[in-house]
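**Q** Quick one, fold the following:
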Amino acid sequence: MTTQDDVRRIALSLPEVVEAEGHFSFSVVGKAFVWIYLERVHPKKARVSNPEAVAMSISGEEEKATLLLANPEIFFTTDHYNGYAAILVHLSRIEPDALEDVLTDA
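**A** Alright, predicted model coming up:
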């Protein structure tokens with residue numbers, strides 16, 4: 001099982017990565033590549049942090065479709081992420097080594 005501490009360790013081991021102050025987000029040269037999943041729990045209310053998942057940048061819709069088909073128990077998406085090169089990851093369902101591979105690609 002992967003935790004936010006694993007995400008932090010992996011992200012900060014990559015070149016030029018910095019962690020945002022005040023929220024769980026990591027970027028390179030000002031561009032975020034992994035961040036906490038902000039879930040819309042109630043349709044008319046603000047999104048809330050879901051510590052069980054992260055969102056991450058990917059190369060595009062083709063990679064997103066491939067990940068979703070290959071590992072639907074790990075990777076998921078919501079309407080909010082439709083049309084964006086980003087995917088959601090269930091932390092409890094991905095091994096740290098697999099997460100490291102995806103984060104490195106991000």
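**Q** Tell me which stretches of the protein form strands.
**A** Secondary structure of the chain (DSSP state E): strands at 17-19, 25-28, 31-39, 48-57, 75-76, 86-90.
**Q** Show me what the second one is packed up against.
**A** Other elements packing on strand 25-28 under the criterion 3 or more CB pairs under 8 Å, 6 or more residues apart in numbering; DSSP states H and E are helix 4-13, strand 17-19, strand 31-39. Yep, even glycine has a C-beta here, placed from its N, CA and C like the rest.
**Q** Kindly report the same for the first one.
**A** Strand 17-19 sits against helix 4-13, strand 25-28, with contacts defined as 3+ CB pairs under 8 Å, 6+ apart.
**Q** so how far is that strand from its chain's centroid?
**A** Centroid separation for strand 17-19 versus its chain: 14 Å, with CA atoms, centre = their mean, to the nearest Å.
**Q** Each with direction, which strands does it pair with?
**A** If you go by DSSP bridges, strand 17-19 pairs up with strand 25-28 (antiparallel).
**Q** and the lowest-mean-pLDDT helix or strand in the chain with helix 4-13, angle?
**A** Taking mean pLDDT, DSSP states H and E as the measure, the helix or strand of the chain with the lowest value is helix 96-105, at a mean of 90. Helix 96-105 runs at 40 degrees relative to helix 4-13, counting by axes from the mean of the first three to the mean of the last three CA atoms, to 10 degrees.
**Q** Give the buried residues for helix 96-105.
**A** 96, 99-100, 102-103 (16 or more other CB atoms under 10 Å).
**Q** Would you tell me which one of the helices and strands packed on strand 17-19 is buried the most?
**A** strand 25-28 (a mean of 18; mean count of other CB atoms under 10 Å).
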